[in-house]
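[1] Quick one: sequence and predicted model below, then my questions.
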Amino acid sequence: MSGAADVPGFPISLGLRPNKKAITNFNLATSKYSSIPKVIYMWTECRLIFRTVWKAADLNLSTRTPKSRAAAANLFRFRDLKNLKFNLIALSFLVIFLSVLYHELWGKHLYLVTAYCDCPICINIAKFRDRKFASGRKTYWGGSAADSKISFGTEIELAPFWPKDFWKINRILRNRTSFEIEDRGGKIKGRHIDLFIPQSMGGHRTALKWGRQRMRIRLNGELAE
């Protein structure tokens with residue numbers, strides 16, 4: 001039982017003899033990582049407790065009497081513990097695979113979608129606050145700005161994917177996903193779309209609520225690459 005009390009929450013009542021080296025590593029690790037972010041510290045703590053218990057399981061199942069081994073196995077279910085490790089590894093590979101798949105098929109084609117209005121904060125050059133787009137048309141709800149590579153009059157459609165995207169479109173854009181390119185902007189370059197929000201829709205306040213979203217778009221009905 002020596003050293004078992006050094007590990008918080010260690011199952012002393014089961015009569016298991018933990019690996020002293022693992023406990024020492026645990027104590028060193030927790031003191032070493034105490035200054036890093038809390039999430040990493042908690043992960044390190046759980047991983048080392050898991051390793052300590054596992055080594056204790058291997059030690060006890062190989063040295064104790066058959067009756068004690070059976071009792072320990074029934075109480076602590078070391079076989080389930082090993083299955084849990086296998087499942088965690090499999091889950092990790094699955095998460096990595098799905099992350100790579102999402103990036104290749106969808107994530108790398110995302111556009112930055114922002115919003116602006118005709119206030120002095122959004123348009124800091126007075127002569128451009130004439131209630132007209134760069135295309136010459138009067139400002140209206142449904143116009144947007146894009147890179148000069150996308151010509152005026154091009155129809156774009158937002159293609160939401162995550163629940164957050166649908167929620168933003170529903171609550172802020174009032175379920176509107178289709179817009180038309182009518183404007184330009186000094187900072188609107190590359191994969192960047194800037195939606196115009198008129199004062200009747202809340203202007204600058206609504207633009208701030210929209211913030212910076214990343215989602216795919218359709219150009220004239222086709223998903224943009």
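    Noted; the coordinates are in hand.
[2] my guess is Thr206 meets Ile197, correct?
    Yes. With contact defined as CB atoms under 8 Å, Thr206 reaches Ile197; the gap is 4.9 Å. (Each C-beta comes from the backbone N, C-alpha and C, glycine too.)
[3] what do these two both touch?
    Taking CB atoms under 8 Å, 6 or more residues apart in numbering as the criterion, Thr206 and Ile197 both touch Ala115, Cys117.
[4] who's more crowded, these two?
    Taking neighbours as other CB atoms under 10 Å, Thr206 and Ile197 compare with Ile197 leading, 26 against 19.
[5] residues touching the more buried one, list them.
    Contacts for Ile197 (CB under 8 Å, 6+ apart) come out as Ala115, Tyr116, Cys117, Trp141, Gly203, His204, Thr206, Ala207, Trp210.
[6] Provide a list of residues in contact with the nearest residue in space to the fifth one that is not next to it in sequence.
    Nearest-residue entry for Gly203: Cys117, 4.2 Å, with adjacent residues in sequence omitted and distances by CB to CB, 6 or more residues apart in numbering. Residues in contact with Cys117 (CB under 8 Å, 6+ apart) are Phe196, Ile197, Pro198, Gln199, Gly203, His204, Thr206, Ala207.
[7] Redo those residues as JSON lines? Include secondary structure, pLDDT and distance to Ala159.
    Compiled in JSON lines, those are given as follows (DSSP: H, G, I helix; E, B strand; the rest coil; pLDDT from 0 to 100; distance: CB to CB, whole Å):
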{"residue": "Phe196", "secondary structure": "strand", "pLDDT": "97", "distance to Ala159": "19"}
{"residue": "Ile197", "secondary structure": "coil", "pLDDT": "96", "distance to Ala159": "20"}
{"residue": "Pro198", "secondary structure": "coil", "pLDDT": "95", "distance to Ala159": "24"}
{"residue": "Gln199", "secondary structure": "helix", "pLDDT": "93", "distance to Ala159": "28"}
{"residue": "Gly203", "secondary structure": "helix", "pLDDT": "94", "distance to Ala159": "26"}
{"residue": "His204", "secondary structure": "helix", "pLDDT": "95", "distance to Ala159": "26"}
{"residue": "Thr206", "secondary structure": "helix", "pLDDT": "95", "distance to Ala159": "21"}
{"residue": "Ala207", "secondary structure": "helix", "pLDDT": "95", "distance to Ala159": "21"}
